[in-house]
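Chemist: Turn this into a model:
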Amino acid sequence: MRHALEKLCACTAPSGFENASATVAQELLRPLVDEVSVDRMGNVIGIRRCGKPGAKLLLLDAHLDEIGLMVTGIEDGFLRFCSIGGVDPRMLPGRELTILTQPPRFGVVACQPPHLQNREVGNKSIPIKELFVDVGLSQEQAEQAIPIGTPMVYRGSCFALGEDQMCGKSMDDRACFVTLLRAAELLQGQELDVDVCILGSTREEVSGVGATTATWSVQPDWCIAVDVTHGRTPDGPADKTFTLGGGPAIGVGPNMARWMTRRLMDQAEAQQMPYQLEVMSGHTGTNGWEMQISREGVATAVLSLPLKYMHSPIEVLSLKDMEAVAALLAAFAKNLGKEAVRL
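Modeler: Numbers count the residues shown, from 1 in each chain. Okay, the predicted model is just below:
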């Protein structure tokens, strides 16, 4: 699981430019399912057939894209840029970036030394429109090497933090795709009464259209959106954050099918697995929002992996939580066909 996480998080694949992560996802998924394909939106779709005629279909989704930046202009050899997805401007000054030219090159977000800052500037977050990326080139060189519209992402992969935790970029949501891979691994050799679709969706950070179109084409009977949620830190609100090592966070709210939520809780309890409840009174902020209204509607649940420092280059998670999410998904899939409530 750690190897798959490191391999996927090393990919440079912001929303709309997911080819690198999709290629690795296919490679990792292929041995675990009966068929793998990539659709028009770049979604990776793997199907594990149960072999029973007329079997229902369970769709498990995690997105493959990451937040990023995009070049909008060049001034004196420095790049102007905008965000792709929810980028926090506070994270940017002094940050190393990978610029997705061919071949890729590196840049750094320019920052003013503290010696030159007045008190007012030093205490403010600098808006993205006022920031530049230094690529070490002249105006002419930069114009020739870096086209307008070129995407950029945080430089780096992931590394161990303590004995159980991992830290790095794009854990949101590639860590959850790894849990889908692990769930498929746990189901190998197990008799199922439903087909299982594993979806690595695209463009979640900007629109969710990957999951929207894939759900429409796959036509599942049930969906589970697997995404990250906010991990607890000393400065975080206790009612909106979840303990790393405390197990999966099961979404509870009006946009999740109640029987699916209850079944996730029952399966966790049957395995004596710790879990947490995440109240989601409105938009879940996940692909579950889009998947539930595909065609005539799909019964949907949301299962989350606690993650500290979301949408930063130093996202942190627990490997134990990843294993627990995978085990819970595998348990949910077993005997689903005969036990599912039809609403």
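
Chemist: hey, let's count contacts and neighbours off CA atoms from now on
Modeler: OK.

Chemist: where along the stretch 51-200 of the chain do the strands fall?
Modeler: 56-63, 68-75, 78-84, 96-99, 105-109, 133-134, 151-154, 158-161, 165-168, 194-201 (DSSP state E, counting those that start in this stretch).

Chemist: For the helix or strand that the last one is followed by, which helices and strands make contact with it?
Modeler: Meaning strand 194-201. Toward the C-terminus, strand 194-201 is succeeded by helix 209-218 as the next helix or strand (DSSP states H and E). Packing partners of helix 209-218 (3 or more C-alpha pairs under 8 Å, 6 or more residues apart in numbering; DSSP states H and E): strand 194-201, helix 288-291.

Chemist: List the pairing partners of whichever helix or strand comes after helix 209-218 within its sheet, with orientation.
Modeler: For helix 209-218, the following helix or strand on the C-terminal side (DSSP H and E) is strand 222-230. Paired with strand 222-230 in the same sheet, following DSSP bridges, are strand 56-63 (parallel), strand 299-307 (parallel).

Chemist: which is the next helix or strand following strand 222-230?
Modeler: strand 249-252.

Chemist: can you tell me the average pLDDT over that following strand?
Modeler: Looking at strand 249-252 alone, the average pLDDT works out to 98.

Chemist: now for that strand, which elements pack on it?
Modeler: Using 3+ C-alpha pairs under 8 Å, 6+ apart, strand 249-252 sits against helix 258-270, strand 276-279, strand 299-307.

Chemist: Of those, which stretch is the most buried?
Modeler: Most buried of these by mean neighbour count (mean count of other C-alpha atoms under 10 Å) is strand 299-307; its value is a mean of 27.

Chemist: And that one, how far out from the chain middle?
Modeler: Taking C-alpha atoms, centre = their mean, to the nearest Å, one finds strand 299-307 lying 11 Å from the centre of the chain it belongs to.

Chemist: ok, now stretch 1-17?
Modeler: Here stretch 1-17 is found 10 Å from its chain centre; the criterion is C-alpha atoms, centre = their mean.
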